[in-house]
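> Coordinates for the following, if possible.
(one chain, ligands or ions: 2)
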Amino acid sequence: MKPFASTLLIPTGQLQPHSQHVTRRLSSMRGQYADLAAFERMLEQGDPLVYEVFENQVPSRPGELAHGTSVVHPGRVGDEYFMTKGHFHAVPDTAEVYHCLSGQGFMVLETAEGEWAAEEFVPGRIVYVPPFWAHRSVNAGDTDLVLFFAYPGNAGHDYRTIEERGFRKRLVEKNGAPTVVDNPHWGGGA
Ligand code: S6P
Ligand code: ZN
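Numbers count the residues shown, from 1 in each chain. Ligands and ions are numbered 1, 2, ... in the order given. Below you'll find the model as predicted:
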């Protein structure tokens, strides 16, 4: 690798230049939102863009640091806020750092052993994702949630565990405020 630089535009979260731009629409998250009827109703009216990731890829080696931005758009499916799919790293003993640049929300985390956490994102806040913790970003505000992240180049993504099992906790709006609740579908196909 040679040194390189990119520019992170605030508040949009655009990274210039970037080698990868991932867009995830609601249809790619079937089964992840608890209110299945609200999910289907929303899809009938279109397929909203839930989040985007801009990344500069690096070689898949432990000494490298992949980094980029994620932009979770505001919205809800029923009472549940727009969120990322969430994942464990395929190499599970790899950590990650997130820095919130704009918006507000939460990082929901859990381990295979049953521990969980919900760390708040406000501009300036840094959240550390330790090795072995699955993580998902949730936008609990009404503007884009813009995050910078960095993680080891060899970490990879294990999406299947979350697709099959879901997260133990969900972030919903209750009486006008973001609230952590149990996931009624946890463990049995989200
Ligand atoms: C990668 C890192 C982020 C996420 C991004 C989207 O390890 O955690 O780049 O990929 O926030 O989330 P997800 O769950 O769709 O990969
Ligand atoms: Zn990650």
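
> Distance-wise, check Ser6 relative to Met83.
26 Å (CB to CB, to the nearest Å). For the C-beta atoms, the positions are set from N, CA and C on the backbone; glycine is no exception.

> How far away from the center of its chain is the longest helix seen in the chain?
Identified as the longest helix of the chain according to DSSP state H is helix 36-44. Distance of helix 36-44 from its chain centroid, counting by CA atoms, centre = their mean, to the nearest Å, is 21 Å.

> Could you check the following helix or strand past it against ligand 1 for contacts?
Going down the chain from helix 36-44, the next helix or strand is strand 49-56, by DSSP states H and E. Yes - between strand 49-56 and ligand 1, judged by CB under 6 Å from any ligand atom, the touching residues are Val53.

> Looking at strand 49-56 now, give me its mean pLDDT.
Averaged over strand 49-56, pLDDT sits at 97.

> what residues are up against Ala155?
66, 89-91, 94, 96 (CB atoms under 8 Å, 6 or more residues apart in numbering).

> what's Ile126 in contact with, if anything?
97-100.

> the helices in the protein, which residues?
Using DSSP H, helices in the chain cover 36-44, 160-165.

> that older thread, higher neighbour count, Ser6 and Met83?
Met83 (27 against 17; other CB atoms under 10 Å).

> Now do the more buried one against ligand 1, distance only.
Met83 is 9 Å from ligand 1, where distance means CB to the nearest ligand atom, to the nearest Å.

> Name the nearest residue to that residue, ignoring sequence neighbours.
Closest residue in space to Met83, ignoring its immediate chain neighbours: Val138 at 4.3 Å, by CB to CB, 6 or more residues apart in numbering.

> I'd say the one you found and Phe106 touch.
Yes - shown here, Val138 and Phe106 form a contact pair, counting by CB atoms under 8 Å, at 4.7 Å.

> So between the two, which is more surrounded?
Neighbours per residue (other CB under 10 Å) separate Val138 from Phe106, with Val138 holding more: 26 against 23.

> Quick check: neighbours shared by Val138 and Phe106?
Joint contacts of Val138 and Phe106 (CB under 8 Å, 6+ apart) are Leu171.
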